[in-house]
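>>> Below are the sequence and a predicted model for it; my questions follow.
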Amino acid sequence: MQYKANTLEHYWMPFTANRDFKADPRLFVRGEGCYLWDHKGGKIIDGSSGMFCSAAGHGRPEIADAVSRQLREIDYAPPFQNGHPASFELARRVAALTPEDINYVFFTNSGSEAVDTALKMAMAYHRARGEGQRMRFVSRERAYHGVNIGGVSLSGMAKNRETFPGVIPGVVCMRHTWLAENRFTKGQPETGAELADDLQRFCEMYGGTTIAACFVEPVAGSTGCLVPPKGYLERLREICDAHGILLVFDEVICGFGRLGTAFAAQAFGVVPDIMTMAKALTNGAQPMGAVAVRDGIYETITNAAPENAIEFFHGYTYSGHPAACAAGLAALDIYEREGLFERAAELSPYFLDRLFELQDLDAVADIRGYGLFAGVELKAEGAPGARGTQVQKDLFWKGLHIKFTGDCGLVAPPLIAAKEHVDEIVGILRDTLA
Ligand SMILES: Cc1ncc(COP(=O)(O)O)c(C=O)c1O
């Protein structure tokens, strides 16, 4: 594909070094299965499922057809005080995948909106119970919860918040769970569960009854696949229960099979009160996020309002958009029909074994992983992130797409990947890093 000089100028790209990119652009123009193609015709294996979205691989005709059919039938339906069938059906299908009594689903358009929605749900829930004094939120260092003001307030990544100090007050961060002693651990580290006691300390410091919710990514994704130490999430659950604090799992990356189960909640056997999700909900084919909550949260908020009154003053013009719901339903059909969550679990040992072979390389500082998700942390060279950025570009031109955050490459192939795809990814990584 050709593009004219300067036609790239007007688009202000997200989380991108715009000037650098526009001088040497890397455009994806086609996708099929585990592969993408660049604007010069190069074939690129997708080692990060786009950005953890394309679980069933790219270019799935079932999804394209479902979206096209839906748009021809009804392109838009007002979601406030009205509805259309696909949103109810998708909510039912998502609720069937979430654990236990997490049965109510609210639709958003992104993971960021899901996080901000979850914050508001936590506030509304406590207020409905007469505990509106719970205004404080707990998050974690190295957390990423999207880019809206709520999510930025919860962020544990300095760069994402330093320009925006005017975020919501009252957020305190627990320590992150990366420990030097756990470098090169496959799966859950044995040590570190006691880091969850930071939440207990906040309860003692501020009073447990002032805290509304504790937000964590079960596996911290964007800052490098930090797998929770054994017993860590269980301990958070215990402390939340003891103090009436809602536990929120941000499953935007972990959800829909990435860890070999529907959600991280099932992988680690810990049930949160609220789950946020997005990305693979539609296989990335339409923008969509969701928040799933326990029955008690929905019922408390709903029953607290007068009859016939709106119960939760929140929603988006595009909540449960017909095209997004059609994509979601088609994606969930594929996941089920092709057994993709089980397939991810089966491929995981091979995937992790092959990736961990890279630990002999000088450039590699640490490798971590769970399911079909791994972080390959490079030793920094120059400014933090400079090496990661360069490696990401080099990999692209060598035929591998990997999402980098700072100096950490996040490897997360589509769940349809086979051993040969893993071999190809590891091979290009080794050649480039060596
Ligand atoms: C854990 C987590 N939460 C929230 C988000 C934000 O999602 P979105 O980019 O769809 O707004 C992300 C995105 O990567 C994420 O990883």
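Alright, I've got the coordinates.
>>> ends of stretch 47-54, how far apart?
11 Å (CA to CA, to the nearest Å).
>>> Please enumerate residues in contact with that stretch?
Contact with stretch 47-54 is made by 31, 46, 55, 58, 221, 252-253, 258, 279-280, 282-284, 373, 395, 400-403, 410-415, 425, 429, as judged by CB atoms under 8 Å, 6 or more residues apart in numbering. Quick note: C-beta positions are derived from backbone N, CA and C, even for glycine.
>>> how about the residues of the protein that lie near the ligand?
Contact residues, the chain versus the ligand (CB under 6 Å from any ligand atom): 110-112, 115, 144-146, 217, 221-222, 250, 252-253, 278, 289.
>>> and the residue of this structure nearest the ligand?
In the chain, the residue that lies nearest the ligand is residue 111 (2.3 Å; CB to the nearest ligand atom).
>>> List the contacts of that residue.
Residue 111 touches 146, 250, 252, 276-279, 289, counting by CB under 8 Å, 6+ apart.
>>> do that again at 6 Å, thanks
By CB atoms under 6 Å, 6 or more residues apart in numbering, the contact set of residue 111 is 146, 252, 278, 289.
>>> So the last one sits against residue 108, correct?
Yes. With contact taken as CB atoms under 6 Å, residue 289 and residue 108 are classed as touching, separated by 4.0 Å.
>>> residues shared between the contacts of the two?
residue 114.
>>> which of the residues in stretch 310-323 are buried?
Using 16 or more other CB atoms under 10 Å as the test for burial, stretch 310-323 gives 312, 316, 318-323.
>>> I should have written stretch 333-351 there, sorry.
Neighbour counts over stretch 333-351 (16+ other CB under 10 Å) mark 334-335, 340-341, 343-345, 347-348, 351 as buried.
>>> Could you dump these into JSON lines and include secondary structure?
JSON lines is the format used below for the buried residues of stretch 333-351 (DSSP: H, G, I helix; E, B strand; the rest coil):
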{"residue": "334", "secondary structure": "helix"}
{"residue": "335", "secondary structure": "helix"}
{"residue": "340", "secondary structure": "helix"}
{"residue": "341", "secondary structure": "helix"}
{"residue": "343", "secondary structure": "helix"}
{"residue": "344", "secondary structure": "helix"}
{"residue": "345", "secondary structure": "helix"}
{"residue": "347", "secondary structure": "helix"}
{"residue": "348", "secondary structure": "helix"}
{"residue": "351", "secondary structure": "helix"}
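>>> Now render these as CSV, adding pLDDT.
Listed next are the buried residues of stretch 333-351 as CSV, based on pLDDT from 0 to 100:
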residue, pLDDT
334, 98
335, 98
340, 98
341, 98
343, 98
344, 98
345, 98
347, 98
348, 98
351, 98
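>>> nearest to residue 40, of the residues you listed?
Closest to residue 40 out of the buried residues of stretch 333-351 is residue 351 (29.3 Å), distances taken as CB to CB.
>>> And the contacts of the helix or strand of the chain with the lowest mean pLDDT?
Every helix and strand of the chain was ranked by mean pLDDT, DSSP states H and E. The lowest is helix 158-161, at a mean of 83. Outside of helix 158-161, the residues within contact range by CB under 6 Å, 6+ apart are 152, 155.
>>> how far is that helix from where the chain is centred?
18 Å (CA atoms, centre = their mean, to the nearest Å).
>>> list the helices and strands the helix or strand following that helix packs on?
Downstream of helix 158-161, the first helix or strand assigned by DSSP states H and E is strand 171-174. In terms of contacts (3 or more CB pairs under 6 Å, 6 or more residues apart in numbering; DSSP states H and E), strand 171-174 is packed against strand 136-140.
>>> The strand it packs on pairs with which strands?
strand 171-174 (parallel), strand 211-216 (parallel) (DSSP bridges).
>>> Just the residues contacting it, thanks.
Strand 136-140 has contacts (CB under 6 Å, 6+ apart) with 154, 156, 170-174, 176, 199, 202, 206, 210-216.
>>> now with 7 Å?
Here strand 136-140 makes contact (CB atoms under 7 Å, 6 or more residues apart in numbering) with 119, 154, 156, 170-174, 176, 199, 202, 206, 210-216.
>>> Would you format the strands paired with strand 136-140 as CSV with mean pLDDT included?
Output for these, formatted as CSV (pLDDT from 0 to 100):
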stretch, mean pLDDT
strand 171-174, 97
strand 211-216, 98
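>>> Could you look over those strands and pick the most buried one?
strand 211-216 (a mean of 26; mean count of other CB atoms under 10 Å).
>>> after it, next one along is what?
helix 232-243.
>>> thinking again about what came up before, make JSON lines from the strands paired with strand 136-140 and add distance to residue 130 to it.
Shown next, in JSON lines, are the strands paired with strand 136-140 (distance: least, CB to CB, whole Å):
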{"stretch": "strand 171-174", "distance to residue 130": "23"}
{"stretch": "strand 211-216", "distance to residue 130": "13"}
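>>> what's residue 99 in contact with, if anything?
With the criterion set at CB under 7 Å, 6+ apart, residue 99 makes contact with 265-266, 271.
>>> And for residue 101?
Residues near residue 101 by CB under 7 Å, 6+ apart: 294-295.
>>> rewinding a little: let me know the closest of the buried residues of stretch 310-323 to residue 134.
residue 312 (17.0 Å).
>>> And the helices in the stretch 201-350 of the chain?
Secondary structure of the stretch 201-350 of the chain (DSSP state H, counting those that start in this stretch): helices located at 232-243, 264-268, 295-304, 322-337, 340-356.
>>> still on that earlier bit, would you turn the buried residues of stretch 310-323 into TSV with pLDDT and distance to residue 68?
What follows is the buried residues of stretch 310-323, written out as TSV (pLDDT from 0 to 100; distance: CB to CB, whole Å):
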residue	pLDDT	distance to residue 68
312	98	33
316	98	23
318	98	18
319	98	22
320	98	18
321	98	14
322	98	12
323	98	9
